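Pasting a predicted model and its sequence here:
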Amino acid sequence: MHGSLARQPAVEAFPAEELLRWYDREKRDLPWRHTRDPYRILVSEVMLQQTQVKTVLEYYEPFLERFPTLEALAAADQEEVLAAWKGLGYYQRARRLHALAQAVVSDLGGVLPRSFSELRRLKGIGDYTAAAVASIAFGEAKGVVDGNVLRVMARFLGIKEPIDDARVKREIQAAVDRAISRQRPGDFNQALMELGATVCTPQRPGCGACPLQAACWAHAHGHSTRLPVRKPRGKVERSRRAVGVVERDGKILLLKRPPEGLLAGMWEFLNLETDPDVAGEALLAKAQELSGTDELTLVYAGRVIHRFSHIEWEIDAYYLGAWSGGVEERAPEQPASEWVSRDELAERPLPRVMQKVWEQVERRLQEITP
């Protein structure tokens, strides 16, 4: 089963017309399927990366109302863009989209290129996004390969090698490029992704409703639930941390993370990597330094677990509060820090891990407040 030639006949027999008929009949009514505007398609595809459709539906239209054109997005402040993205997660996508808009406006007169190869040259656009925009907006016969497509094609072709192997990904990309409908490339790509999202699902594929069933290798050989295969997951790095919500005079301390690395450039609460046995003491000492007062009440709020792709944070969450008058006058100035009201905090694009800490602290304060 190695090499593309072993699977060539199956690729050539791909039932594209059956897939498109199924799509016309079964497709979900999604707002980005009612436009050929390349900017709107670009926004939807960036939002859909690593995010469920139901979540994107809550943000897509409000984001476009706020930034209706590429020029409007380019002219916005990055903090405004991140605020509109709040809740979608993976904020680096928003930064890249914003930077891309600025580059296209300044260098290309605000017009997105029409071809996959030209789109791919833009910083911030990968193969997936370039193929999606080129095929859906401009009708180029270039296959889109995401996680859903990898799964569908691995089953259809009977690929037993790990789909997260670079060589296998290239083989699947080549297979989709051969199978794609030349008359309806955008619909074909959306249909293949739709099939993976709704029928050819990871755990219980609905083979009985699948338009590819008659030609599918996995179905014919009873391997639908055994494929695809992935490489063994690498060891997860675990980090014990103490995170403190520091509040003084009704304002909460936010600190900005470094511009590179995990959660680059995002706002967070006081966040220390520390031994859990001394977490409270370490937070208290640092909070006293940052707030300019020793009169801080320390409250343990509970444990928060948050998993990134390769790192897991196990957090002891705390609240540290004081009322001593004049935060802005008395607290020493810190680089990349701000004191914000609770209303302002609600508008800040905090990473999801910090939102979880805030929710935990709020629950604890409600429990102990008379």
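Looks like it arrived, so ask away. Residues are numbered from 1 along each chain as shown.

going forward, measure contacts and count neighbours with C-alpha atoms only.
Will do.

Burial check on the nearest residue to residue 85 once chain neighbours are set aside, number of neighbours?
By the measure of CA to CA, 6 or more residues apart in numbering, the closest residue to residue 85 outside its immediate chain neighbours is residue 94, 6.8 Å from it. Applying other CA atoms under 10 Å, we find 22 residues neighbouring residue 94.

Residue 94: which element?
Assigned by DSSP states H and E, residue 94 belongs to helix 92-108.

Convert stretch 158-171 to PDB, retaining C-alpha atoms only.
Provided in PDB are the C-alpha atoms of stretch 158-171 (Å, rounded to 0.1, in the frame of the first residue of the first chain):
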ATOM      1  CA  GLY A 158      -7.100   2.700   1.900                       C
ATOM      2  CA  ILE A 159      -4.100   4.600   3.200                       C
ATOM      3  CA  LYS A 160      -2.600   2.700   6.200                       C
ATOM      4  CA  GLU A 161       0.300   5.100   6.800                       C
ATOM      5  CA  PRO A 162      -0.100   7.900   9.300                       C
ATOM      6  CA  ILE A 163      -2.000  10.900   7.700                       C
ATOM      7  CA  ASP A 164       0.100  13.300   9.800                       C
ATOM      8  CA  ASP A 165       3.200  12.200   7.900                       C
ATOM      9  CA  ALA A 166       4.300  14.900   5.400                       C
ATOM     10  CA  ARG A 167       4.700  12.400   2.500                       C
ATOM     11  CA  VAL A 168       1.200  11.100   3.000                       C
ATOM     12  CA  LYS A 169      -0.200  14.600   3.200                       C
ATOM     13  CA  ARG A 170       1.400  15.400  -0.100                       C
ATOM     14  CA  GLU A 171       0.000  12.200  -1.600                       C
END
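
and that stretch, how far from the chain's centre?
Put simply, stretch 158-171 sits 23 Å off its chain's centre (CA atoms, centre = their mean, to the nearest Å).

hang on, the earlier thing: verify the stated contact: the residue nearest to residue 85 with residue 83.
No. Taking contacts as CA atoms under 8 Å, residue 94 lies outside contact range of residue 83: 9.8 Å.

doesn't residue 219 make contact with residue 213?
Yes. Applying CA under 8 Å as the test, residue 213 and residue 219 come out as touching, 6.5 Å apart.

Now list whatever residues contact both of the two.
By CA atoms under 8 Å, 6 or more residues apart in numbering, residue 213 and residue 219 have these common neighbours: residue 207.

which one of these two has more residues nearby?
residue 219 (19 against 16).

Looks to me like that one is in a helix.
Yes. Assignment of residue 219 by DSSP: H, G, I helix; E, B strand; the rest coil places it within a helix.
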